[in-house]
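>>> got a sequence here, can you build the structure:
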Amino acid sequence: MDARPTLLCVHPHPDDESIACGGVLARASAMGARTVVVTCTGGEAGENLAGVDLGDEDLPTHRRREMADAIAALGVSEHVWLGYRDSGMVGTADNEHPDSFHAADLDVAATRLAAIVRRVRPDVVVSDDVHGTYGHPDHVKAHEVTVRAVALVADPDADVPGEPFQVAKRYVHTLTKSRLWDAHLGLTAAGLPSPFGDGEIASADDLPMGTPDELLTTVVDVTAWLPAKRAALLAHRSQIGAESFFLNTPDDMAEAFFGTEVFVLEEGTPGAGTGGIEDDLFAGLGDVGADPAAQPGPQADPVRLPGDDEHVIEADRFRTVLGRFVTGVTVMTTIAADGAPHAMTASSVTSVSLDPPLVLVCVDRDAVMAEHVGPGGVYALSVLAADQAELSDGFADSDRPSGAAQFDGVETHTAVTGSPILARAAAWIDTRVWQVHDGGDHLIVVGEVVGLGHDPERAPLAYHGGSYTRLAEHA
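Modelled structure (predicted):
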């Protein structure tokens, strides 16, 4: 059994996890907790709101791929589909569909969820509130099913697979009246569309949704994980376009609007907190979240060599010694959220895993590339051939143009992710970002391979001791 503290979030549709709990999921994952998301429906009643090119896919299939990308962006440990159909809104044909979630028998759906909860054995469970946040039938049903499932999990007589246990804390996520009011006023003052339209609203009390501030029990600071939340939102590209409230909020407002996620504890014992307000969903359950400001990265003390008070490795000597290691040369490419391509030369590349197939590349934190290959991103690696040293120099030149201009005169093609692949390369690897790790002055960007190929007639370019070289021909 996985002994890590565990957070399980139940959401009705793909994208709800990123909107409502993206911050706490990314935060908990980064701080060592196990995180699980259950999605009740496939979002079948949704529309292609952003007008993205679906190719040959139908929207539900595309949304499943979006969901996988969002889960990866948040670092979530496990994702489970509950298996129901999106109900759509009241009065629509989807709402009358016999497989719709809102029409499902409560005990049947709750038993299905309870089996997942007993297997996962979470410390904390989160769902929508009794109002379904904004009244959507599936959001209301998600709350009802979660409440019933948690009760079944604890019932030794319930016909549910697995051993009964008591979930320590059950929360509902919410939005406060005051936060929504501030967002409405800020956006309209900036001339941006408000989620509540441009009609006159006299006060926060007149908003059609929101929880009174005095009912909150838990306010979690997720400011440090807003980039991961944003990446997850961007992953749901068919549902959340550039004009969305979640993405069009100016940076100077975004932290105030999205920098905390708020909850109401409905079952369990609250942990200690300032003014009676918890600052962590695991509050009172142990040491998880003990340092909310902690960032992912190594925490161990620096290594000390025997007999040395302080052993310093000089940068030049480090480069000289590591330069004795022969490497290949690649050009790393990506497509940014705005559609612009970017590229850089990279030689610190290696394979990581066969199952799943993973590779890693190290990216200088100050490089433009570092801004575009975070969680939820994509990248490709073109392994340069022996006659492509000029391309290596070009994409390593700090004075090269940015964006599409750096590809002028360079022939490329694409495979799966849309990242450019250089023509006539010895090999290529196309990836989706799996995880990003702290590597000192570099980021260690691990990618899951989704496509690859090679040209057996093209010998690779090699790099050794600060200069290019060729591999010797086999006898």
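>>> show me the strands in the stretch 301-450 of the chain, by range?
For the stretch 301-450 of the chain, the strands defined by DSSP state E, counting those that start in this stretch cover 327-328, 330-335, 341-346, 349-354, 357-364, 378-383, 412-413, 421-422, 427-439, 442-454.
>>> quick one: contacts of the fifth one?
Translated: strand 357-364. 330, 332, 344, 346, 348-352, 369-370, 373, 379, 381, 429, 431, 434, 439, 441-449 (Cβ atoms under 8 Å, 6 or more residues apart in numbering). The way it works is simple: take the backbone N, C-alpha and C, and place the C-beta from them, glycine included.
>>> ok, 10 Å please
Contact with strand 357-364 is made by 330, 332, 344, 346-353, 369-373, 379, 381, 429, 431, 434-437, 439-450, 452, as judged by Cβ atoms under 10 Å, 6 or more residues apart in numbering.
>>> picking up where we left off before, can I get the strands of the stretch 301-450 of the chain in JSON lines with distance to A45 and mean neighbour count?
JSON lines is the format used below for these (distance: least, Cβ to Cβ, whole Å; neighbours: other Cβ atoms under 10 Å):
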{"stretch": "strand 327-328", "distance to A45": "48", "mean neighbour count": "16"}
{"stretch": "strand 330-335", "distance to A45": "29", "mean neighbour count": "26"}
{"stretch": "strand 341-346", "distance to A45": "35", "mean neighbour count": "23"}
{"stretch": "strand 349-354", "distance to A45": "37", "mean neighbour count": "12"}
{"stretch": "strand 357-364", "distance to A45": "35", "mean neighbour count": "20"}
{"stretch": "strand 378-383", "distance to A45": "28", "mean neighbour count": "26"}
{"stretch": "strand 412-413", "distance to A45": "36", "mean neighbour count": "13"}
{"stretch": "strand 421-422", "distance to A45": "37", "mean neighbour count": "24"}
{"stretch": "strand 427-439", "distance to A45": "27", "mean neighbour count": "21"}
{"stretch": "strand 442-454", "distance to A45": "28", "mean neighbour count": "18"}
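>>> and after the lowest-mean-pLDDT helix or strand in the chain, which helix or strand comes next?
The helix or strand of the chain with the lowest confidence, counting by mean pLDDT, DSSP states H and E, is helix 245-248 at a mean of 68. For helix 245-248, the following helix or strand on the C-terminal side (DSSP states H and E) is helix 251-258.
>>> what segments of this protein are helices?
Remark: helices assigned in the chain by DSSP state H are 16-30, 59-74, 106-120, 132-135, 137-154, 177-189, 226-235, 245-248, 251-258, 315-322, 389-396.
>>> for these, which one ends up most surrounded?
Highest mean neighbour count among the helices of the chain (mean count of other Cβ atoms under 10 Å): helix 16-30, with a mean of 27.
>>> quick one, it and helix 226-235 angle?
Inter-element angle recorded for helix 16-30 and helix 226-235: 140 degrees (by axes from the mean of the first three to the mean of the last three Cα atoms, to 10 degrees).
>>> got a list of what the closest residue to K177 other than its chain neighbours touches?
With sequence-adjacent residues excluded and distances taken as Cβ to Cβ, 6 or more residues apart in numbering, K177 is closest to G210, at 3.9 Å. Shown in contact with G210 (Cβ under 10 Å, 6+ apart): H131, T133, Y134, T174, L175, T176, K177, S178, R179, L180, W181, A204.
>>> where does pLDDT dip in this protein?
Along the chain, segments meeting pLDDT under 70 span 1-2, 241-243, 245, 247-248, 287-313, 337, 375-376, 472-475.
>>> does A385 really touch A426, like I thought?
Yes - proximity of A385 to A426 meets the contact threshold set by Cβ atoms under 10 Å, at 4.3 Å.
>>> quick one, which of the two is more surrounded?
A426 (23 against 20; other Cβ atoms under 10 Å).
>>> that one and V445, how far apart?
As judged by Cβ to Cβ, to the nearest Å, A426 and V445 stand 21 Å apart.
>>> same question for T412.
Counting by Cβ to Cβ, the gap from T412 to V445 is 20 Å.
>>> for T218, which of the helices of the chain is the nearest?
T218 lies closest to helix 16-30 among those, at 9.5 Å (Cβ to Cβ).
>>> what's the angle between that closest one and strand 427-439?
Counting by the same axes, to 10 degrees, helix 16-30 points 60 degrees away from the direction of strand 427-439.
>>> please save the CA atoms from helix 16-30 in PDB.
The C-alpha trace of helix 16-30 is given here as PDB (Å, rounded to 0.1, in the frame of the first residue of the first chain):
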ATOM      1  CA  ASP A  16     -13.000  21.000 -13.800                       C
ATOM      2  CA  GLU A  17     -10.000  19.600 -12.000                       C
ATOM      3  CA  SER A  18      -7.700  22.300 -13.300                       C
ATOM      4  CA  ILE A  19     -10.200  25.100 -12.700                       C
ATOM      5  CA  ALA A  20     -11.300  24.200  -9.200                       C
ATOM      6  CA  CYS A  21      -8.400  22.300  -7.700                       C
ATOM      7  CA  GLY A  22      -5.400  22.700 -10.100                       C
ATOM      8  CA  GLY A  23      -3.400  24.700  -7.500                       C
ATOM      9  CA  VAL A  24      -3.900  22.300  -4.600                       C
ATOM     10  CA  LEU A  25      -3.300  19.300  -6.800                       C
ATOM     11  CA  ALA A  26       0.000  20.700  -8.100                       C
ATOM     12  CA  ARG A  27       1.000  21.800  -4.600                       C
ATOM     13  CA  ALA A  28       0.300  18.500  -3.000                       C
ATOM     14  CA  SER A  29       2.000  16.600  -5.800                       C
ATOM     15  CA  ALA A  30       5.100  18.800  -5.500                       C
END
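>>> what's the offset of that helix from the middle of its chain?
Helix 16-30 sits 8 Å away from the centroid of its parent chain (Cα atoms, centre = their mean, to the nearest Å).
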